[in-house]
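>>> A predicted structure for the sequence below; I have some questions about it.
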Amino acid sequence: MTAIDLARLQFAFTVSFHFLFPAFSIGLASFLAVLEGLWLKTGNGVYANLYRYWLKIFAVVFAMGVVSGIVMSYQFGTNWSVFSDKAGPIIGPLMAYEVLTAFFLEAGFLGVMLFGINKVGHRLHFAATLAVAAGTVISATWIVAVNSWMQTPTGYLINDVGQYVLRDGWFEVIFSPSFPYRLVHTVLAAYLTTAFAVGGVGAWHLLSDSGNPGARKMFSMTMWMAALVVPVQIIAGDAHGLNTLAYQEPKILAMEGHYQSSPQGAPLILFGLPNDQTRHVDYAIEIPKLGSLILKHELNAPLAGLDSIPQNMWPPVAIVFWSFRIMVGIGFAMLGIGMWSLWARYRKRLYQSPWLHRCAVLAGPSGFVAVLAGWATTEVGRQPFTIYGLLRTADSASSLAAPAVATSLLAFIVVYFAVFGAGTYYLLKLMAQPPHPHESLPDDTLHGPTKPAAAKALVESMT
């Protein structure tokens, strides 16, 4: 493998690890805000108990997300220095704005959220939880803005030394043509990832104790999320796909496996084996003309194929083809579980449906797989460009020898699997414990038992 191949593999490895944690923490922070808000509104101690249960998990997830994110920034300077030099005047300020707004907001209120529940008033603590939840969404907004500009660059000029610089103002850069679609799709994906993770934990405990009030409540809330938000996500994904067709046609053609142009309506290829040599999807299972109906909203609408584009401009078709199908397949599986839960709820069997619970447990990690598959579709589908249409990936890398990149890649693999493997194991241990009537707080293990008066107030607040 060349140094560029290894640098791309290293970035893919580290960003895949990192993306899992923000996808969970974005949704989990909002879930905690909802739980605390419902507790303050209703006085129901189950919500307070679930808040404490998931707060400990959120603390670990947030910490692992921060640690894995720090590593990402160093790779821009080590492996991708040409990209950093050329795109720095635009990418750098956007990343700085993410730190100055979202990260400072999260860091400023995270301590109050984690350790202040018995030290400040309920309303102030709720405000801190809302601030952290808002900070995670703002962080996602800035990162998506950066990525969207790389996908559909606008509002730039090229200066005398070949750098991309601001043309008129930040509005055009931030609100690039693909930004609204990517932001909605990404944030909804984070919420659904969290919903199915939390729902899987609730279903796991319902299988052993269908009367556990905490397990019942978390399962019911997340199944509402699945039933109501998955259809919205499918609509948002379709709109995102149409936007991609307008600005990144090769990516869509690779996703659909359309090697050949279809002047009389393109089929929808469900499955098959893309073959770049023969420019054909082998063993294809397809539905005639449905591809044109989805992409053009007309059965007989002509659709160009990859044969209309020089092959050196194609993304890796097989990877994009299959990662897209994994993402879509998981999305429809989520929809099926959501509809199943509605039927069980209608029959008043939501908590006495063991097969639904087993499927929900199996679907617990599905959101993480889906976001990785969607990320692969987006990023691999952008190739051969780092900044679409402007800067090729082959021209973005540093002048490094392959052994140097390979050594750092191996080091990352060893350290990541050791550190984050241990962290994930600890998270699973926390989730394996059912929510108890009186959950401890994150600072209980740091400062010992609460004082008797505080403990009494805590118990009273949860009953």
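That came in fine, so what should we check first?
>>> Below-threshold pLDDT in the chain: ranges please.
Confidence mapping of the chain against pLDDT under 70 gives the ranges 437-463.
>>> Which residue ranges of it form strands?
Using DSSP state E, the strands of the chain run over residues 156-158, 164-166, 268-275, 280-287, 385-387, 391-392.
>>> Is there a neighbour count for the nearest residue to residue 330 once chain neighbours are set aside? I'd like the number.
Spatial nearest neighbour of residue 330, excluding adjacent residues (Cβ to Cβ, 6 or more residues apart in numbering): residue 370 at 4.2 Å. All C-beta atoms are positioned from the backbone trio N, CA, C, and that covers glycine. Neighbourhood size, residue 370 [other Cβ atoms under 10 Å]: 24.
>>> which residues does residue 370 contact?
Contacts for residue 370 (Cβ atoms under 8 Å, 6 or more residues apart in numbering) come out as 189, 192-193, 326-327, 330-331, 334.
>>> With residue 304 instead?
Applying Cβ under 8 Å, 6+ apart to residue 304 gives the contacts 249, 253, 258, 261.
>>> count of residues packed around the closest residue to the last one other than its chain neighbours?
Among residues not flanking residue 261 along the chain, residue 305 sits closest, at 4.0 Å (Cβ to Cβ, 6+ apart). With neighbours defined by other Cβ under 10 Å, the count for residue 305 comes to 17.
>>> looking at it, residue 305 is touching residue 253, isn't it?
Yes - contact criterion Cβ atoms under 8 Å: residue 305 and residue 253 qualify, at 6.2 Å.
>>> any shared contact partners between these two?
Between them, residue 305 and residue 253 share these contacting residues under Cβ under 8 Å, 6+ apart: residue 259.
>>> tell me the contacts of the residue nearest to residue 261?
Residues in contact with residue 305 (Cβ under 8 Å, 6+ apart) are 253, 258-262, 266.
>>> ok, now residue 312?
Contacts for residue 312 (Cβ under 8 Å, 6+ apart) come out as residue 384.
>>> do you know how far it is from residue 76?
Remark: distance between residue 312 and residue 76 (Cβ to Cβ, to the nearest Å) = 26 Å.
>>> what are the phi and psi angles of the residue nearest to residue 261?
Per-residue torsions, residue 305: phi -120, psi 180 (degrees, to the nearest 10).
>>> follow-up on the earlier one: could I get the contacts of residue 304 as TSV with distance to residue 154?
Below are these laid out as TSV (distance: Cβ to Cβ, whole Å):
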residue	distance to residue 154
249	17
253	23
258	27
261	28
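>>> most surrounded residue in these?
Neighbour counts for the contacts of residue 304, by other Cβ under 10 Å, peak at residue 253, which reaches 28 neighbours.
>>> these two touch, right, that residue and residue 306?
Yes - contact criterion Cβ under 8 Å: residue 253 and residue 306 qualify, at 5.0 Å.
>>> Can you check which residues contact both of those two?
Residues touching both residue 253 and residue 306 (Cβ under 8 Å, 6+ apart) are residue 259.
>>> so residue 252 makes contact with residue 244?
Yes - under the criterion of Cβ under 8 Å, residue 252 makes contact with residue 244 at 5.4 Å.
>>> Tell me the spacing between residue 51 and residue 430.
Look at residue 51 and residue 430: by Cβ to Cβ, they are 14 Å apart.
>>> try residue 124
Plainly put, residue 124 is 27 Å away from residue 430 if you go by Cβ to Cβ.
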